[in-house]
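Q: for reference, the sequence and a predicted model appear below.
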Amino acid sequence: MLRHSSSPATIENLERRQLMAASPLQVIGIKIAKAVDTDGTSLNQNRITVAFGTAGKVAGIRLLDATKIRSFGYANDLTNLSVQRKVTVGLTVSQSNAEPGVLTILTDRLVRKGSRLFIDLGALTDTKGREIVFDASSAAKTITFIKGQNKPRYTLSNRNWRQTDLSYFSPDVFAAAPTPATANTSPSAITIRANLVTFLDAKIAKGLITADQKATALSIFDTTAVATIANANIRAGLASLIGTVGEPAIGAIIGKSNVTAKPWTTVEFNAAIGASAPVGETKVSVSNRLYTYLQPSMAGEPFQVLGAVLAHEVFHQGVLSEAVGGVLPSSQDEEIITNAVESIVYAQAVLVQPGLAGNGTKLINRSNERLLAMLNSGDKLFPYGGILQNPALTNNGNVFVGAKTNPGGYGDNSTVKSFADWVRREYISRGFTAGGTTTNATAVAILKNIVGTSGNFGLFGSQVQDYLDTRNAILTDAVYINLANALKLTF
């Protein structure tokens, strides 16, 4: 009888030990916050805190195996925008004695709203070493994030984006890229006009311009601009600015909306352009009239990219008395702003006709490189884009992943950290000094089309650069993704 009566007690003791092996702790709270740097700028990280306890009271835990805590989200697949791409999020998990019931997780990119955190069996114990089992039906705990980025912004948090087709770029930046074609022969005026009509019709189809605006653009090409711009390809470039942020350039060049109150005397491909000017150069004559020369080797480039160059050149009106009969004063900081505007106008054209980016000519590929630098930049409102260094996922902010050690040959072997950094390097190498320079009404009108009407636009300097980093109303998150697709980028 004794032997028989002792059996139930033995079984009861074993069951009690099995119950003690599992902890009753549960998740009682979770917070998701953006990580910030010392100046308060958002980083490409979230700080997630998960509190454990019972009955709403925090109780101590111990981190046993961080590899059993996982997370992922779905982003746009840049190479095929009709599908999603699963992205594993890197996690740095810690638990401090100062907060005995709290698990702290730093993500290596911003998390997507609706994505999940998995805490698998064996990840945690309580302070008595008991394994935490969250649910009778499942040993793992799944937490769905009710805060985070939407899909486009989550996709932007997965920068730096990188090239998949080197034919869109040049060996100046990527050693293995083929040499772009030299487009030095302008198409016939008939061909250019037909291409302009196709481009304007595509704008109408996308709701970017009206039929009346198309008629205005064709009038510029056929008659209004002929006296100032004899070359049909440049005229088409000017006409293509209808409906873009660069439209005020039209009135500046062929009208009186500039500092001289007279039209430009000419815009033309001319070998007299300065040797250090890779694309264009605007000067003032001895009679105080503005004119622009473009590199003759670019006479056959698509008119859309020439239009973007014209939107850049109208910024260079300067102080005429300082440059009578010569080149107008500029600076590294002015050029950062003007090149940003050129890239934005070019981006607007690519959004209309994405195939433009694959033209394979020198000016197109140069523009693609600047656009890639811009797509991988943006600091103050990350993950939104801009022109300053973003808190990049990898490569210490390198906007040209896989580039040459010294891209562009500008004498600086360090990583190119932003669009602004890339442009500044070029103009340092060309002898430009830093600092703000005087703006003009045309430039201010274009800038206000991009960043809004409020602000101080008196100088081309760091303040306007900050506007371009924080207020770009043209390059939205969805636009960035479409541009990345057009440039055949991935991450």
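A: Looks like it came in fine.
Q: what is the neighbour count of Q84?
A: Residues near Q84, counting by other C-beta atoms under 10 Å, number 14. Every residue, glycine included, has its C-beta placed from N, CA and C.
Q: spit out the contact partners of it.
A: Shown here is Q84, whose contacts under the criterion C-beta atoms under 8 Å, 6 or more residues apart in numbering are 74-77, 151.
Q: the same query, at a cut-off of 10 Å, please.
A: Taking C-beta atoms under 10 Å, 6 or more residues apart in numbering as the criterion, Q84 is in contact with 73-77, 151, 155.
Q: again, but for E426
A: Contacts of E426 (C-beta under 10 Å, 6+ apart): 278, 332, 335-336, 339, 370, 408-410, 432.
Q: which phi and psi values does it adopt?
A: The phi/psi pair for E426 (degrees, to the nearest 10) reads phi -60, psi -50.
Q: same check on S219?
A: Residue torsions, per degrees, to the nearest 10, at S219 are phi -70, psi -40.
Q: check K34 too.
A: Residue torsions, per degrees, to the nearest 10, at K34 are phi -80, psi 140.
Q: that one reaches F382, doesn't it?
A: Yes - contact criterion C-beta atoms under 10 Å: K34 and F382 qualify, at 9.1 Å.
Q: any idea which helix or strand in this protein has the lowest mean pLDDT?
A: Least confident helix or strand, the chain: helix 2-20 with a mean of 39, by mean pLDDT, DSSP states H and E.
Q: what's the first helix or strand after that one?
A: strand 22-23 (DSSP states H and E).
Q: averaged pLDDT, that next one. What do you get?
A: For strand 22-23, mean pLDDT is 76.
Q: same question, stretch 28-41
A: 84.
Q: distance from it to the middle of the chain?
A: Offset of stretch 28-41 from its chain centre (C-alpha atoms, centre = their mean, to the nearest Å): 23 Å.
Q: buried sites along that stretch?
A: 28, 30, 32, 34 (16 or more other C-beta atoms under 10 Å).
Q: check contacts around the last one.
A: Taking C-beta under 10 Å, 6+ apart, we find K34 in contact with 41-47, 110-111, 147-148, 382.
Q: same thing but 8 Å
A: 42-43, 45-47, 110.
Q: quick one: which of the residues you listed has the most company?
A: Highest count within the contacts of K34 by other C-beta under 10 Å belongs to L110, 27 neighbours.
Q: from the contacts of Q84, which is closest to P178?
A: D77 (25.9 Å; C-beta to C-beta).
Q: so which of the contacts of E426 wins on neighbours?
A: In those, the most neighbours by other C-beta under 10 Å go to I336, 27 neighbours.
Q: against which helices or strands is the strand ranked longest in the chain packed?
A: Longest strand in the chain, counting residues (DSSP state E): strand 42-54. Other helices and strands packing on strand 42-54, by 3 or more C-beta pairs under 8 Å, 6 or more residues apart in numbering; DSSP states H and E, are strand 26-36, strand 102-107, strand 116-119.
Q: again, only using 7 Å
A: strand 26-36, strand 102-107 (3 or more C-beta pairs under 7 Å, 6 or more residues apart in numbering; DSSP states H and E).
Q: next, the angle from the longest one to strand 102-107.
A: Yep, that's strand 26-36 we're talking about. When axes from the mean of the first three to the mean of the last three C-alpha atoms, to 10 degrees is applied, the directions of strand 26-36 and strand 102-107 differ by 40 degrees.
Q: which residues of the stretch 151-300 of the chain fall in strands?
A: Along the stretch 151-300 of the chain, counting by DSSP state E, counting those that start in this stretch, strands occupy 162-163, 267-269, 280-284, 290-294.
Q: got any ranges where this structure has weak pLDDT?
A: 1-21, 135-139, 319-327, 392-397 (pLDDT under 70).
Q: where along it do the helices fall?
A: Here the chain has its helices, by DSSP state H, at 2-20, 151-156, 189-205, 211-219, 232-239, 248-254, 303-313, 332-352, 362-375, 419-429, 441-451, 462-470, 477-486.
Q: so which elements touch the shortest one?
A: Put plainly, it is helix 151-156. So helix 151-156, by 3+ C-beta pairs under 7 Å, 6+ apart, packs with strand 69-76, helix 477-486.
Q: I'd like to know which elements the first one is packed against.
A: Spelled out, that is strand 69-76. strand 84-88, strand 91-95, strand 116-119, helix 151-156.
Q: export the ones you listed to TSV and append columns for distance to N449.
A: Listed next are these as TSV, based on distance: least, C-beta to C-beta, whole Å:
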stretch	distance to N449
strand 84-88	34
strand 91-95	42
strand 116-119	41
helix 151-156	23
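Q: nearest to E131, of the contacts of E426?
A: Using C-beta to C-beta, the contacts of E426 come closest to E131 at R370, 55.0 Å.
Q: state the distance from the closest one to F419.
A: R370 sits 7 Å away from F419 when distances are taken as C-beta to C-beta, to the nearest Å.
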